[in-house]
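Engineer: Prediction below, plus the sequence it came from.
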Amino acid sequence: VSNAELRQPGKSPNFSVNWIVGNTDLEVINATTGKQTSGSSSRLCKHMFYTRWAKLYGKLSTRVQSHGEVPSVYSEAKLVAHPYQSVKQQLFKAFQKAGLGTWVKKPPEQDQFPLTV
């Protein structure tokens, strides 16, 4: 095969593409950096989701925390989301019960970033 663009088995592409229904913009992400080709953060990165969640959280009349403040660190927000934690544990148990092994945990420092809006 002489076409360099054809997929090589065992080798992942160095980019990914995402789009949103109703939006004509494609987002091309560098697989090495996780950022757009322009250098800015992806609309699908944890920080962007956290920022959007915090804005919605601030509009709620009932709060997860008694004092009603948005957690300042992403990992804290995940810890106080009790339904999320419960479902996550159920998923891990289901994987083990099905003989699929244990969930590989990422380094905790990946979720220890502050909210900057």
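Structural biologist: Thanks, I have the structure now. Keep in mind it's a predicted model, so treat the numbers as computed, not measured.
Engineer: Tell me which helix or strand in this protein has the weakest average pLDDT.
Structural biologist: helix 46-59 (a mean of 84; mean pLDDT, DSSP states H and E).
Engineer: Which other helices and strands does that helix contact?
Structural biologist: Under the contact criterion of 3 or more CB pairs under 8 Å, 6 or more residues apart in numbering; DSSP states H and E, helix 46-59 touches helix 74-80. Yep, even glycine has a C-beta here, placed from its N, CA and C like the rest.
Engineer: Restricting to C-alpha, output the helix it packs on in CSV.
Structural biologist: Extracted C-alpha coordinates of helix 74-80, given in CSV (Å, rounded to 0.1, in the frame of the first residue of the first chain):
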residue,chain,number,x,y,z
TYR,A,74,-12.8,19.4,40.1
SER,A,75,-12.0,16.3,42.3
GLU,A,76,-14.0,17.8,45.2
ALA,A,77,-17.0,18.4,42.9
LYS,A,78,-16.9,14.7,41.9
LEU,A,79,-16.6,13.6,45.5
VAL,A,80,-19.7,15.5,46.7
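Engineer: buried stuff in it?
Structural biologist: For helix 74-80, burial by neighbour count (16 or more other CB atoms under 10 Å) applies to 74, 76-77.
Engineer: For that helix, what is the distance to the chain centroid?
Structural biologist: Centroid displacement of helix 74-80 relative to its chain, using CA atoms, centre = their mean, to the nearest Å, is 13 Å.
Engineer: Need the contact partners of it.
Structural biologist: The contact list for helix 74-80 (CB atoms under 8 Å, 6 or more residues apart in numbering) reads 46-47, 50, 53-54, 64-65, 70-71, 84-85, 108, 111-115.
Engineer: Tell me which of those residues fall in helices.
Structural biologist: Among those, DSSP state H puts 46-47, 50, 53-54, 84-85 in helices.
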